[in-house]
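1. Provide a 3D model corresponding to the input given below.
(4 chains)
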Protein chains: 2
Amino acid sequence: MPYPIYTKAMPKRSSYHHGDLANALLDAAETVLQERGLAGFTLRECARRAGVSHSAPKHHFGDAQGLLSEIAARGFQRLTAGLSAEIAKAKGDLVGEFRATSIAYLNFAEEYPEHFRMMLRADLLCLDNANLFAAAQSTFNELTNLILRQRGEPEIGVQATSTNHEHAGNVIDDIIIGWTFVHGFAHLHLEKQLQMLGNADDQQERLLRAATRLSELLQIQAHKADH
Amino acid sequence: MPYPIYTKAMPKRSSYHHGDLANALLDAAETVLQERGLAGFTLRECARRAGVSHSAPKHHFGDAQGLLSEIAARGFQRLTAGLSAEIAKAKGDLVGEFRATSIAYLNFAEEYPEHFRMMLRADLLCLDNANLFAAAQSTFNELTNLILRQRGEPEIGVQATSTNHEHAGNVIDDIIIGWTFVHGFAHLHLEKQLQMLGNADDQQERLLRAATRLSELLQIQAHKADH
DNA sequence: TTCTTAACTTTTCACTGTCAAGATTGACGA
DNA sequence: TCGTCAATCTTGACAGTGAAAAGTTAAGAA
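-> Next comes the predicted model:
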C-alpha cells in the first residue's frame, strides 16, 4: 500500500486551546476517510488537518476506534435520513417503497463507500458506543417499519418487535429477508462481486427488478397468511 | 491499534534459496490473518514466519494486494467446497438444500472471519487475478445452481445465465434474492449488526427459519410462473 | 568458463500508533 | 485579586511498517 501525499500542518492557532477540537477532528476524519480510504486512514493525518499535534486526538477519542465509532454513528444517521426521505416520496405504494429503500441504501454505499466499509467492521468499532448504537438502531427501525407496511401490519417499535416475536409470527423472518436483501446487494455491489452477473452498467436496473419481485413475494405471502 | 507481539526470525536456512517460498508465504499469511486479523496483517510478519527477509515477498507477490488476492482465492475455494458438501447431504430436498447452503455460508464466515472480511474488500484485492476470479466464480456457480433447482429449472452454466438473461425471465432476480440473503445474513451477523434482533444465541435457528420461508417463497413463485 | 538472470538480503527513508513528560490555559474557590 | 488545579494540547522518543534501491548468491545457458 503506497503512502499518500501528506498535508502540511495548519497555520498555528492564536490560542493554545482549540475550542472545538472534537468536532474539528470528526470533520477532518470524514474527509480523510473519503479521500484516502479506510486503508489510508490515520489518526495523525486527522490531527494534521485539524491543525493540532499528533497526540491531541487521544484526549478526546482515545484511539482510532473511538474516533471511527463516532463517524460510524454519523454514517448511520445519514443512511437513515436517506432511507426515510426516499421512502416518503413513495409513501403508500408498497412496491415503490421497497424499491426506493433498496436504491437509497445502494446510493449511500456508492456515495460513502469508505464510510460504509468502516460502519460494517465490528473489529474497528466500539459497538458499545451509545451514539453508534442509537444510530444503527434508527436505521434498523426504518427497515423494520418498511417490512411491517409491506405485510400490512401496524408499525411497531423495535423493542416490541424483537422481544415478543413469538407473537409476531414470521415477521422476524421477513425483516431478515428484506434487510439482508437490501444490505447484501449494496455490499456485494460495492465490493465488485456482482460483476459475475455481467456488465455493471445497469446494476440499478437489476436491483429494481429484484426488489420489485421480492416486494411482491412478501406481499403475496402476507396476504396468504390473512385467511 | 496496539501492536502485537512479534515472532522471532526463523532459524537460518542452510541454502540461500528457500526453494518453495511462494507457498510458504501463503501458508504463513493465512496463519497471520487468523491470529492477528486483517487489521494486524503485515507483510513483514509473513516474511518472518516463512524465515526470510522482509523484502523477499516482493519478488513473488509484488505487494500485500498480490499476496492477499491469492489467499482470497483459497478462501473462495474453501467456501465453495463447504457449500457443495452441505448441499450434497440435503440433495433432493429443496428447502433442505437452501437451509444447508445458508448455514454453510454462515459457518464459513464464523470459521474464517478474517478471510471473509478480506475476501470482500475490492480495495485490498486484485480482482483481475485469475485464481481469485475463477474461485469466486465457482462460489457463484454453486449459488446459481441452487436457485435454479429451487425453481425446478435445469442447471446451466454461469455464462449462459448471465448472457442470455433476457430469455431467462426472472431467474436473475431470484439468483440475486437468494445470494443477497445468504451473504447478507452472514455479513451482518459477522459484523454484529443482527444483535439488534435480540440475543444472539439462536442466530443459526433464526437463519434457518428465514431460509425456510424464503425457499418456500421462491418455490411458490416458480410454480405460479408455470401456468 | 563466463554471462545472465532469478531469488533473496541489507540498508535507508518517510510514515505510523502509543506512551510519558511537559507546557499552556481557563475556571473556580479563597 | 490571587493561587491552584484539572483539562487541553505539545514534544519527543520508541518500535514497527511498506517501499525502494542497491548489494549478494546461486543456478543455468552460451
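
2. Just list the residues touching the closest residue to residue A:126 other than its chain neighbours, thanks.
-> The shortest distance from residue A:126 to any non-neighbouring residue, by C-beta to C-beta, 6 or more residues apart in numbering or on different chains, is to residue A:69 (4.6 Å). (Glycine included, C-beta is placed from N, CA and C.) Residues near residue A:69 by C-beta atoms under 8 Å, 6 or more residues apart in numbering or on different chains: A:125, A:126, A:127, A:129, A:131, A:132.

3. contacting residues around the second one?
-> Neighbour list for residue A:126: A:65, A:66, A:69, A:132 [criterion: C-beta under 8 Å, 6+ apart].

4. The first one now?
-> The neighbours of residue A:125, taking C-beta under 8 Å, 6+ apart as the test, are A:65, A:68, A:69, A:72, A:118, A:119, A:132.

5. For the third one, pull up the helix or strand it's in.
-> The reference is to residue A:69. According to DSSP states H and E, residue A:69 maps onto helix A:64-89.

6. Is any residue of that helix near DNA strand D?
-> No: using C-beta under 7 Å from any atom of the strand, helix A:64-89 never reaches DNA strand D; the gap is at least 13.2 Å.

7. mean confidence score for that helix?
-> In this model, helix A:64-89 has an average pLDDT of 98.

8. residue ranges of the helices in chain A, please?
-> With helices called from DSSP state H, chain A shows them at A:21-36, A:43-50, A:56-61, A:64-89, A:94-111, A:113-119, A:130-150, A:158-163, A:171-190, A:203-226.

9. least reliable of those going by mean pLDDT?
-> Taking the mean pLDDT of the helices of chain A, helix A:158-163 comes last: a mean of 48.

10. Domain-wise, how is chain A divided?
-> Using automatic domain parsing, the domain parsing of chain A gives A:1-62, A:71-226.

11. Quick check: which of the ones you listed is buried the most?
-> Highest mean neighbour count among these (mean count of other C-beta atoms under 10 Å in any protein chain shown): domain A:71-226, with a mean of 19.

12. rewinding a little: tell me the gap between the helix holding residue A:69 and the middle of its chain.
-> Computed by C-alpha atoms, centre = their mean, to the nearest Å, the chain-centroid distance of helix A:64-89 equals 5 Å.

13. Kindly report the same for stretch A:33-50.
-> So, by C-alpha atoms, centre = their mean, the centroid of stretch A:33-50 is 20 Å from its chain's centroid.

14. Run through who's touching it.
-> For stretch A:33-50, contacts defined as C-beta under 8 Å, 6+ apart pick out A:1, A:3-4, A:6-10, A:18, A:21, A:24-25, A:27-29, A:31-32, A:53-57, A:63-64, A:67-68, A:71, A:112, A:114-115, A:117-118, A:121, B:123-124.

15. tell me the centre residue of chain A?
-> Nearest to the geometric centre of chain A sits residue A:76, at 4.4 Å (C-alpha atoms, centre = their mean).

16. That residue against residue A:118, yeah?
-> No: using C-beta atoms under 8 Å, residue A:76 is not in contact with residue A:118, being 11.1 Å away.

17. What confidence value was assigned to residue A:202?
-> In this model, residue A:202 is scored at 88, pLDDT.

18. measure it to residue A:189 for me?
-> 12 Å (C-beta to C-beta, to the nearest Å).

19. try residue A:42
-> Distance of residue A:42 to residue A:189, given as C-beta to C-beta: 28 Å.

20. same deal with residue A:95?
-> The gap separating residue A:95 from residue A:189 is 21 Å, by C-beta to C-beta.

21. Not counting sequence-adjacent ones, nearest residue to residue A:118?
-> Computed as C-beta to C-beta, 6+ apart, the closest residue to residue A:118 that is not its neighbour in sequence is residue A:38, at 5.3 Å.

22. for residue A:76, same thing?
-> Of all residues not flanking residue A:76 in the chain, residue A:135 sits nearest, at 3.5 Å (C-beta to C-beta, 6+ apart).

23. show me the contacts for that neighbour.
-> Residue A:135 makes contact with A:72, A:73, A:74, A:75, A:76, A:77, A:80, according to C-beta under 8 Å, 6+ apart.

24. 7 Å instead, please
-> Each residue near residue A:135 by C-beta atoms under 7 Å, 6 or more residues apart in numbering or on different chains is listed here: A:73, A:76, A:77.

25. returning to that earlier point: list the contacts of the residue nearest to the centre of chain A.
-> By C-beta under 7 Å, 6+ apart, the residues touching residue A:76 are A:119, A:135, A:136, A:138, A:139.

26. rerun that using 6 Å as the cut-off
-> A:135, A:136, A:139 (C-beta atoms under 6 Å, 6 or more residues apart in numbering or on different chains).

27. Spatially nearest residue to the second one, not counting backbone neighbours?
-> Using C-beta to C-beta, 6+ apart and skipping residues adjacent in sequence, the residue nearest residue A:136 is residue A:76, 5.0 Å away.

28. And that neighbour, how far from residue B:183?
-> Per C-beta to C-beta, residue A:76 is found 21 Å from residue B:183.

29. Residue A:128 now?
-> 27 Å.

30. next one: residue A:153
-> Per C-beta to C-beta, residue A:153 is found 27 Å from residue B:183.

31. Could you do residue A:134 as well?
-> The gap separating residue A:134 from residue B:183 is 27 Å, by C-beta to C-beta.

32. before we move on, the earlier item: any part of the helix holding residue A:69 near DNA strand C?
-> Yes: against DNA strand C, helix A:64-89 shows contacts by C-beta under 7 Å from any atom of the strand at residue A:64.

33. before we move on, what about stretch A:26-39?
-> No: if you take C-beta under 7 Å from any atom of the strand as the test, stretch A:26-39 misses DNA strand C, and the best it gets is 9.0 Å.

34. Around chain B, which positions in chain A sit nearby?
-> Neighbours of chain B within chain A, by C-beta under 6 Å from any C-beta of the partner chain: A:120, A:122, A:127, A:140, A:162, A:170, A:173, A:176-177, A:180-181, A:183-185, A:187, A:191-192, A:196-198, A:209-210, A:213-214, A:217, A:221.

35. what about residue A:64, neighbour count?
-> 18 (other C-beta atoms under 10 Å in any protein chain shown).

36. and it, what is it in contact with?
-> residue A:43.

37. Please report the distance of it from residue B:120.
-> In this view, residue A:64 and residue B:120 are 21 Å apart by C-beta to C-beta.

38. Same check on residue A:59?
-> 35 Å.

39. Retrieve the pLDDT associated with residue A:19.
-> 77.

40. Now it. Its backbone dihedrals?
-> With angles defined as degrees, to the nearest 10, residue A:19 sits at phi 110, psi -50.

41. what about dumping the CA coordinates of stretch A:183-194 to CSV?
-> C-alpha atoms of stretch A:183-194 as CSV (Å, rounded to 0.1, in the frame of the first residue of the first chain):
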residue,chain,number,x,y,z
HIS,A,183,-27.8,-4.8,2.5
GLY,A,184,-26.4,-7.8,0.7
PHE,A,185,-26.9,-6.2,-2.7
ALA,A,186,-25.2,-2.9,-1.7
HIS,A,187,-22.3,-4.8,-0.1
LEU,A,188,-21.8,-7.2,-3.0
HIS,A,189,-22.0,-4.4,-5.4
LEU,A,190,-19.6,-2.2,-3.6
GLU,A,191,-17.1,-5.0,-3.3
LYS,A,192,-17.4,-5.8,-7.0
GLN,A,193,-18.8,-9.3,-6.6
LEU,A,194,-21.9,-8.6,-8.8
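
42. Fine by me, we can end here.
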